[in-house]
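1. My questions are about this predicted structure, shown below with the sequence.
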Amino acid sequence: MPHTDFDFVHGSWAVRNRRRRDSLDAASTEWDEFASTGTHAPLLGGIGNLETYETTEFPGLGQFSGLALRLHQPDTDTWRIWWSSNAAPGRLDPPLVGGFEGRRGTFFSRDVVNGTDVEVRFVWQHVDDTTAIWEQAFSTDGGDTWDTNWVMEMTRTA
């Protein structure tokens, strides 16, 4: 059965990225800003979607490509999001799990970043038909506090 939570993101987007240089240093004020593009397409009759992400301006790498696979589990109304990129070839990150309340989706996972155990949170915000926002935050204290370290402001191009 198709699910519509992520339908707002289907299509092509210009993305303005703001990413903290040290994703684990909440006190850091050094941020990089760069442009990228994203394309999102439905999969499996509407129970999933696939995102491709591209930039030639990724800090420290230049060319950067990534993909996100999102799948919906209808019996629990839960989404899982997997991420992979050319920055970590052959790695599929642990899935983030969560769902939407209205136009806001919140998803959580655990991972290891530069040797540090972190809780990871993605927030998707469907602003309107031409605008969406994605944010990534880490917690190193078990989710008591969250530190946003990457924000993508997306504008629809097609």
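-> Thanks, I have the structure now. Since we're looking at a predicted model, the values are computed, not measured.
2. Let me see the mean pLDDT of the host helix or strand of residue 154.
-> Here residue 154, judged by DSSP states H and E, is contained in strand 147-156. For strand 147-156, the mean pLDDT works out to 97.
3. For it, which outside residues touch it?
-> The contact list for strand 147-156 (C-beta atoms under 8 Å, 6 or more residues apart in numbering) reads 9, 11-20, 23-24, 26, 36, 38, 129-139. Every C-beta, even on glycine, is put in place using the N, C-alpha and C of the backbone.
4. Among those residues, name the buried ones.
-> The neighbour-count test (16 or more other C-beta atoms under 10 Å) marks 9, 11, 13, 15, 17, 19-20, 23, 26, 36, 38, 132, 134-139 as buried among the contacts of strand 147-156.
5. Those in strands, which ones?
-> 11, 13, 15, 17, 19-20, 36, 38, 132, 134-139 (DSSP state E).
6. And those, which is closest to residue 157?
-> residue 13 (6.1 Å; C-beta to C-beta).
7. what's next to stretch 6-16, contact-wise?
-> By C-beta under 8 Å, 6+ apart, stretch 6-16 touches 33, 35-42, 49, 51, 53, 70, 79, 103, 105, 124, 126, 129, 132, 152-158.
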